[in-house]
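Colleague: curious how this folds, go ahead:
(one chain, ligands or ions: 5)
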Amino acid sequence: MAVIFPRWTNKVPLILLVFVTLGGVGTFFGVDYYFSPKFTDVGYAPKQPIPFSHKLHAGTLKLDCRYCHYSVEKASYAAIPPTQLCMGCHAMVRNNSRKIAVLKAAHEAKKPVKWVRVHMLPDYAFFDHSVHIGAGVGCASCHGRIDKMDIVHQAKALSMRWCLKCHRNPNPHLRPKEQVTNMSWAGSPEQKKFQADLKACLANAKACKNTYIKGFMARRKDIQRRRKAIVAGNTVRRHDFMGWKWPQEDALQLLVNPPEHCSGCHR
Ligand code: HEC
Ligand code: HEC
Ligand code: HEC
Ligand code: HEC
Ligand code: HEC
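Modeller: Numbers count the residues shown, from 1 in each chain. Ligands and ions are numbered 1, 2, ... in the order given. Below is the predicted model of the structure:
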């Protein structure tokens, strides 16, 4: 009989094991280093073509973020406003200011202003604004106090570790949806009350009085129903399963269920 597997192949499993282990350790430390804040762009604040100030427009004038970044609740990205939206005011306000000149020129040429991007994830990481806003995560949790910035800078690392830190424990970051653009929510009495309600509702769903949290609870029931269906071996589309933690996690502690597995963010 021909020798299909020569003798040395007996060692293959061992060799593989050594390589996989070394590779694993290497990846672990490599990832740990690359993901440390040192390696990220916190504080990055490129010079913009127009000295547009969020401190003035979002802070002093109190324009809602969604007035300009209007797609943020519906789409994965947050739209940067077109010149028409600015000109809605600046056709009258400060129209002859030198600081408006670039805006006016772009508007007349029907060309967009060449804003420089501040936040940028690599292509292989998937991020969707609408999902986060829909779950009640505020802009300030990820972008900091934009209403206090004359020039926008990156406030958080946007590293994988940073994403996961919240995904592992999202509840403290949740708020009612109508508060998502409120820049002074953190530390407010309303926030403290909401977090207390949240704890009470999770402990005793029946006594829950906060209608907003009740809405969340209803959704949680749906998650549990789907998990049960999966466990019972019913045919549930693979897509339904992806993104939900496996039942060993106490489902009752979770209002929302952000993905922690690789394919949740790397698709
Ligand atoms: C009057 C319109 C307007 C309002 C209101 C506004 N923004 Fe902006 N925003 C802009 C423009 C224009 C830019 C691009 C120029 C820049 O980066 O400063 C921008 C940029 C940004 C960026 C950086 C985008 C990048 O390149 O990564 C973030 C984050 C942001 N805005 C968040 C907010 C938040 C949060 C609020 C509400 C507190 C808000 N904005 C309110 C017009 C606005
Ligand atoms: C959970 C974190 C998170 C929340 C909440 C969040 N953002 Fe972002 N934002 C990001 C990340 C990450 C990026 C970079 C996205 C990319 O590069 O694909 C970004 C990018 C942006 C940009 C640049 C354009 C874009 O879509 O890439 C703007 C403008 C912006 N955010 C505004 C807002 C506003 C306004 C809110 C609140 C209504 C908000 N963001 C809430 C994480 C967040
Ligand atoms: C709701 C009205 C409104 C909108 C929309 C608006 N602005 Fe303004 N903007 C103002 C007001 C009011 C001032 C302050 C004028 C003053 O200081 O007297 C101002 C000031 C400015 C200044 C400083 C002007 C100077 O001479 O000091 C710049 C630059 C500017 N805006 C750019 C923009 C850009 C770019 C957009 C669109 C992304 C925009 N604005 C959208 C109302 C608006
Ligand atoms: C402050 C908290 C917070 C941060 C920071 C955060 N997330 Fe999330 N993420 C959530 C919550 C809450 C959900 C909603 C889960 C739900 O609805 O059950 C979510 C859901 C998601 C989903 C699943 C929804 C979908 O679109 O498929 C993805 C993917 C995701 N986040 C990616 C990211 C990435 C990438 C980052 C970092 C750049 C990030 N998140 C940072 C809280 C956060
Ligand atoms: C919550 C979202 C999220 C999850 C879950 C996630 N990642 Fe990431 N990952 C990211 C983001 C965002 C980046 C980009 C980080 C940056 O630019 O610094 C990243 C970057 C990476 C990189 C590139 C590192 C480098 O050197 O730039 C690798 C490799 C990676 N992830 C592997 C994984 C693996 C393996 C898993 C599963 C154990 C996983 N990721 C789960 C969000 C996620």
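
Colleague: going by C-alpha atoms from here, please, whenever you check contacts or count neighbours.
Modeller: OK.

Colleague: domain ranges for this structure, per the record?
Modeller: 40-80+115-186, 189-258 (automatic domain parsing).

Colleague: including mean neighbour count and distance to ligand 2, could those go into a markdown table?
Modeller: Below are these laid out as a markdown table (neighbours: other Cα atoms under 10 Å; distance: least, Cα to the nearest ligand atom, whole Å):
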| stretch | mean neighbour count | distance to ligand 2 |
| --- | --- | --- |
| domain 40-80+115-186 | 16 | 3 |
| domain 189-258 | 14 | 10 |
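
Colleague: would you single out the least confident of those?
Modeller: Among the domains of the chain, domain 189-258 has the lowest mean pLDDT, at a mean of 69.

Colleague: from the contact counts, what lies against the host helix or strand of Lys199?
Modeller: According to DSSP states H and E, Lys199 maps onto helix 189-203. In terms of contacts (3 or more Cα pairs under 8 Å, 6 or more residues apart in numbering; DSSP states H and E), helix 189-203 is packed against no helix or strand at all.

Colleague: sec struct for Lys104, please.
Modeller: When classified by DSSP: H, G, I helix; E, B strand; the rest coil, Lys104 comes out as helix.

Colleague: how many other residues sit next to it?
Modeller: 21 (other Cα atoms under 10 Å).

Colleague: next one: it from ligand 3, what distance?
Modeller: According to Cα to the nearest ligand atom, to the nearest Å, Lys104 stands 9 Å off from ligand 3.

Colleague: with Asp147 instead?
Modeller: For Asp147, the distance to ligand 3 equals 14 Å [Cα to the nearest ligand atom].

Colleague: need the contact list for that residue.
Modeller: By Cα atoms under 8 Å, 6 or more residues apart in numbering, the contact set of Asp147 is His54, Lys55, Leu56, His57, Ala58, Gly59, Met183.

Colleague: so which of these are in strands?
Modeller: Using DSSP state E, the subset of those located in strands is empty.

Colleague: now render the residues you listed as CSV, adding distance to ligand 3.
Modeller: As requested, the contacts of Asp147 are exported to CSV (distance: Cα to the nearest ligand atom, whole Å):
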residue, distance to ligand 3
His54, 9
Lys55, 10
Leu56, 7
His57, 6
Ala58, 10
Gly59, 11
Met183, 18
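
Colleague: I'd like those residues as TSV, with distance to Ser97 appended.
Modeller: What follows is these, written out as TSV (distance: Cα to Cα, whole Å):
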residue	distance to Ser97
His54	18
Lys55	18
Leu56	16
His57	16
Ala58	20
Gly59	21
Met183	29
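
Colleague: in helices, which of the residues you listed appear?
Modeller: Members of the contacts of Asp147 lying in helices (criterion: DSSP state H): His54.

Colleague: look up how far Ser263 lies from His57.
Modeller: 38 Å (Cα to Cα, to the nearest Å).

Colleague: also Phe52?
Modeller: 38 Å.

Colleague: got it, and Tyr77?
Modeller: Counting by Cα to Cα - Tyr77 and Ser263 are separated by 20 Å.

Colleague: with Cys166 instead?
Modeller: Using Cα to Cα, Cys166 is found at 17 Å from Ser263.

Colleague: where do the helices of the protein begin and end?
Modeller: Using DSSP H, helices in the chain cover 12-34, 54, 65-68, 83-90, 101-108, 129-134, 139-143, 160-168, 189-203, 211-231, 238-241, 262-265.

Colleague: which elements pack onto the second one?
Modeller: When contacts are defined as 3+ Cα pairs under 8 Å, 6+ apart, helix 54 packs onto no helix or strand at all.

Colleague: check the offset of that helix from the chain's centre.
Modeller: 21 Å (Cα atoms, centre = their mean, to the nearest Å).
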